[in-house]
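Enquirer: below are the sequence and a predicted model for it; my questions follow.
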Amino acid sequence: MTTLFIKNMVCNRCIMVVQNELDKLGLDVKNIKLGEVTLDKEPTTDEKNKLDKALILLGFELIDDKKSRVIEKIKNVIIDLVHHQDNNTKTNLSDVLSSQLHHDYNYLSNLFSEVEGSTIEKYFIAQKIEKVKELLVYDELSLSEIAFRLNYSSVAYLSNQFKKVTGLTPSYFKRIREDKRKPLDKV
């Protein structure tokens, strides 16, 4: 078995698209999740090149170096935590990343900052704000329910962070309903 690492896989639709490309090439997939594909056997150089070209056309990319794989794993854990889990538990991000990636948080934090030019915390906040935008547009939850769901200590703290990132208050954003959302891989 071999594992391939793929950049920009951020949702279940991405998993389906990548699965489809792997099927077209006749590669036997054992497991697929955000940013990672486990194959039955090592693909040939030709298969890998064809896969890489197909993925690039779809906005994805095979990752070969170790640092980039770790960065992509950090992003995928954060995306999963913010966008794909009803996160009602108050967990410490550094603990979650350390336990899931089996590295010391200081190492992960320094690597992320070095490669991305920004901090893990800023990336996490950006993802949370994108989720807030999504929930505001859906108009199913109040701001206090959104704050609770995303583990903000208060509505005021969420509002301040939202304004700092977007330049708008959540209520103004909700009122104008402009689609200010970015694709998750562009955050």
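Expert: Looks like it came in fine.
Enquirer: now the residue positioned nearest the centre of the chain: how far from residue 101?
Expert: The residue lying closest to the centre of the chain (CA atoms, centre = their mean) is residue 79, at 3.0 Å. Per CB to CB, to the nearest Å, residue 79 is found 14 Å from residue 101. For glycine as for every other residue, the C-beta is placed from the backbone atoms N, C-alpha and C.
Enquirer: check residue 164 too.
Expert: Residue 164 is 28 Å from residue 101, by CB to CB.
Enquirer: now do residue 151
Expert: 20 Å.
Enquirer: thinking again about what came up before, out of residue 164 and residue 101, which sits in the more crowded spot?
Expert: Between residue 164 and residue 101, counting by other CB atoms under 10 Å, residue 101 is the more crowded of the two (16 against 10).
Enquirer: that one contacts residue 77, correct?
Expert: Yes - Residue 101 lies in contact with residue 77 (CB atoms under 8 Å); the separation is 7.0 Å.
Enquirer: domain parsing of the chain, as residue ranges.
Expert: The chain breaks down by automatic domain parsing into domains covering 2-64, 65-187.
Enquirer: want to throw those domains into CSV with mean pLDDT?
Expert: As requested, the domains of the chain are exported to CSV (pLDDT from 0 to 100):
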stretch, mean pLDDT
domain 2-64, 90
domain 65-187, 86
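Enquirer: and residue 43, what element?
Expert: Counting by DSSP states H and E, there is no helix or strand that carries residue 43.
Enquirer: in the helix or strand where residue 175 lies, what's buried?
Expert: Applying DSSP H and E as the criterion places residue 175 in helix 170-176. For helix 170-176, burial by neighbour count (16 or more other CB atoms under 10 Å) applies to 170, 173-174.
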